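In: pasting a predicted model and its sequence here:
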Amino acid sequence: MHHQFEWYRKMQKERPVYYDPDFQLNFGAKGAWHVFRYNDVKRVMSDYKTFSAQVVPISDNPLSAAINNMDPPHHKFLRTVVASPFSASALKRLEPMIQQISEELLTPHLENEHMDLVKYYSTPIPIYVIAKLLGVPFSNMEKFQNWGKRLSSNLADEDGKAYLAALKEVSDYFLELIEERTAQPKDDLISYFIQAEVDGQKLTPKELLAMCIVILVAGNETTVNLIANSVLTLTERPELQEHLQQHPEDLPKFINEVLRYRAPIQSLNRIALKDVELGGQLIKKGDYINSWMGAANHDETVFPNPEVFDIHRKNLHLISSFGHGIHFCVGAPLARLESRIALGHLLAKVEQIRLQPDTQLEFHASTIHYSLKGLPILFKRRSA
Ligand code: HEM
């Protein structure tokens, strides 16, 4: 993936905004403007009057009613509905559960001193947490993973067929659950979304379905990759393993720098609502834009020496990894919490984490996610 960073630097210098007619968007459309510089990325993500988030074109696609695809004024309503289950106090209550699942998952591997971190640790933790929150069975983990991948594998999905098929499956899955919870509410997010009311307004059936899908998909793949990318970074920098074990209070800074360096979401889309000039180019009304947050995080005008991994950078709050403006990730505190607990537990139990020799790291085919297929590691169990 380092070649990706070189490509970003080159594009930032030579073609900071350019049209790629062959670029494949995950929902099947083709052709988009690539945007690489920090200020342009920030503008595209936050200037909703010019760059609409309503990119999903198929009218019967439930995701056209999803919060991340909704523009103002209606976005505000969806945001108010989703904000409260992700408040600081709601998250505080999740800490013991996240700690417990981290322990349960790691313990069986301590004796062996090796594991595929993606398969056995970074993947199940966020999926377990989201499954618990939503109130869906954790035993469906592989299904959730598979839907998440197919909804974002733009490079492997020429005509969007895999996207539409996954969308149908995940919709059927949730429609059944929504029916069950409507008849018999439980203490879970699906039941909350069914009942939630803001100023006398409730979610429409389509919005309800979209909300469930977005929480499942947005909350899984991203956090899986944040944890895996963090451990990959630790294998490259053994000195950080010792430092963070002794100074767990620096874990949030470390996680922030991983978010900058290897953003779990590298790029997302908008659609132009009017003709607009950006980076000396004329973007036409109706054109798609592919905004590279992964590149913005490596823009040397904002993050000097971007290829240097430094947990003590002073301006990490500027990172583009969770977006900018009204759509700023509502799950960011949860993602940070899960990663801090998962990494803290790993570092407390093992040392000398390294890649298994001769490992060729492979990534999933997507320009959206920075996503390792596997991460085989060796380590030493710490003496208690
Ligand atoms: C490291 C993990 C995560 C990353 C990198 C990430 C990234 C992002 C980004 C970049 C956006 C902005 C989308 C846009 O502007 O188009 C976003 C929005 C969103 N994220 Fe996350 N996310 C993560 C974890 C989560 C989690 C754990 C949840 C929930 C359980 C979540 C739920 C959402 C939702 C609902 C939105 C839409 C917010 C809105 O449109 O107002 N995310 N996320």
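Out: Perfect, I can see it now.
In: where does the stretch 1-150 of the chain get nearest to the ligand, residue-wise?
Out: Asn68 (3.9 Å; Cβ to the nearest ligand atom). (Glycine included, C-beta is placed from N, CA and C.)
In: so who does that residue touch?
Out: Residues in contact with Asn68 (Cβ atoms under 8 Å, 6 or more residues apart in numbering) are 53, 214, 218, 327.
In: can you give me the end-to-end span of stretch 49-57?
Out: 18 Å (Cα to Cα, to the nearest Å).
In: list the buried residues for it?
Out: Buried residues in stretch 49-57, counted by 16 or more other Cβ atoms under 10 Å: 50-56.
In: for it, give the mean pLDDT please.
Out: On average, the pLDDT along stretch 49-57 is 93.
In: contacts for it next, please.
Out: By Cβ under 8 Å, 6+ apart, stretch 49-57 touches 25, 27, 29, 43-45, 63-64, 66, 68-71, 75, 269-274, 276, 288-289, 327.
In: so is it next to the ligand?
Out: Yes. Stretch 49-57 comes into contact with the ligand (Cβ under 6 Å from any ligand atom), by way of Ala53.
In: same deal with stretch 85-101?
Out: No. Stretch 85-101 lies apart from the ligand when judged by Cβ under 6 Å from any ligand atom; the minimum separation is 6.5 Å.
In: just give me the longest strand of this protein.
Out: strand 17-24 (DSSP state E).
In: returning to what we had before: take the buried residues of stretch 49-57 and lay them out in TSV including secondary structure.
Out: Rendered in TSV, the data for the buried residues of stretch 49-57 read as follows (DSSP: H, G, I helix; E, B strand; the rest coil):
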residue	secondary structure
Thr50	coil
Phe51	strand
Ser52	strand
Ala53	coil
Gln54	coil
Val55	coil
Val56	coil
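In: pretty sure the residue of the stretch 1-150 of the chain closest to the ligand is in a strand, no?
Out: No. Asn68 sits outside any strand when classified using three-state DSSP, being helix.
In: now it: how far from Arg79?
Out: Counting by Cβ to Cβ, to the nearest Å, the gap from Asn68 to Arg79 is 10 Å.
In: residue closest to the middle of the protein?
Out: Nearest to the geometric centre of the chain sits Thr222, at 2.7 Å (Cα atoms, centre = their mean).
In: got the contact list for it?
Out: 126, 264-265, 331, 335, 369.
In: and it, what element?
Out: helix 205-236 (DSSP states H and E).
In: after that helix comes which helix or strand?
Out: helix 238-246.
In: contacts for that next one next, please.
Out: Under the criterion Cβ under 8 Å, 6+ apart, residues 233-234, 250-251, 254, 311, 343, 347-348, 351-354 lie in contact with helix 238-246.
In: quick check: PyMOL command selecting the buried ones in these.
Out: Burial among the contacts of helix 238-246 is assessed by 16+ other Cβ under 10 Å; the matching PyMOL selection reads:
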select buried, resi 233+234+251+254+311+343+347+353+354
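In: greatest separation within the contacts of helix 238-246: which pair is it?
Out: Largest separation among the contacts of helix 238-246 by Cβ to Cβ: Asp250 and Arg354, giving 20.8 Å.
In: around the ligand, pick out the residues from the stretch 51-200 of the chain.
Out: 53, 67-68, 79, 82, 130.
In: same list (those) but as JSON lines, adding distance to Ala162.
Out: As requested, those are exported to JSON lines (distance: Cβ to Cβ, whole Å):
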{"residue": "Ala53", "distance to Ala162": "23"}
{"residue": "Ile67", "distance to Ala162": "23"}
{"residue": "Asn68", "distance to Ala162": "20"}
{"residue": "Arg79", "distance to Ala162": "30"}
{"residue": "Val82", "distance to Ala162": "27"}
{"residue": "Ile130", "distance to Ala162": "22"}
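In: could you point out which residue ranges in the stretch 1-150 of the chain have low pLDDT?
Out: 1-2 (pLDDT under 70).
In: okay, helices next: where are they in it?
Out: 2-14, 38-46, 74-83, 88-92, 95-110, 117, 124-134, 141-152 (DSSP state H, counting those that start in this stretch).
In: keeping just the C-alphas, turn the fourth one into CSV.
Out: Below are the C-alpha coordinates for helix 88-92, written out as CSV (Å, rounded to 0.1, in the frame of the first residue of the first chain):
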residue,chain,number,x,y,z
ALA,A,88,-20.7,9.4,25.6
SER,A,89,-22.8,8.0,28.5
ALA,A,90,-24.2,5.2,26.3
LEU,A,91,-20.7,4.2,25.2
LYS,A,92,-19.4,4.2,28.7
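In: buried deepest among the helices of the stretch 1-150 of the chain, which one?
Out: Ranked by mean neighbour count under mean count of other Cβ atoms under 10 Å, the helices of the stretch 1-150 of the chain are led by helix 117, which reaches a mean of 26.
In: other SSEs contacting it?
Out: Applying 3 or more Cβ pairs under 8 Å, 6 or more residues apart in numbering; DSSP states H and E, one finds that helix 117 contacts no other helix or strand.
In: quick check: Glu176 is in a helix.
Out: Yes. Judged by three-state DSSP, Glu176 forms part of a helix.
In: now do the contacts for the residue in the stretch 251-384 of the chain that the ligand sits nearest to.
Out: Among the residues of the stretch 251-384 of the chain, Gly331 lies nearest to the ligand; the distance is 2.0 Å by Cβ to the nearest ligand atom. Applying Cβ under 8 Å, 6+ apart, we find Gly331 in contact with 86, 215, 218-219, 222-223.
In: TSV for those, including distance to Leu259?
Out: As requested, these are arranged in TSV below (distance: Cβ to Cβ, whole Å):
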residue	distance to Leu259
Phe86	18
Ile215	20
Ala218	15
Gly219	16
Thr222	10
Thr223	11
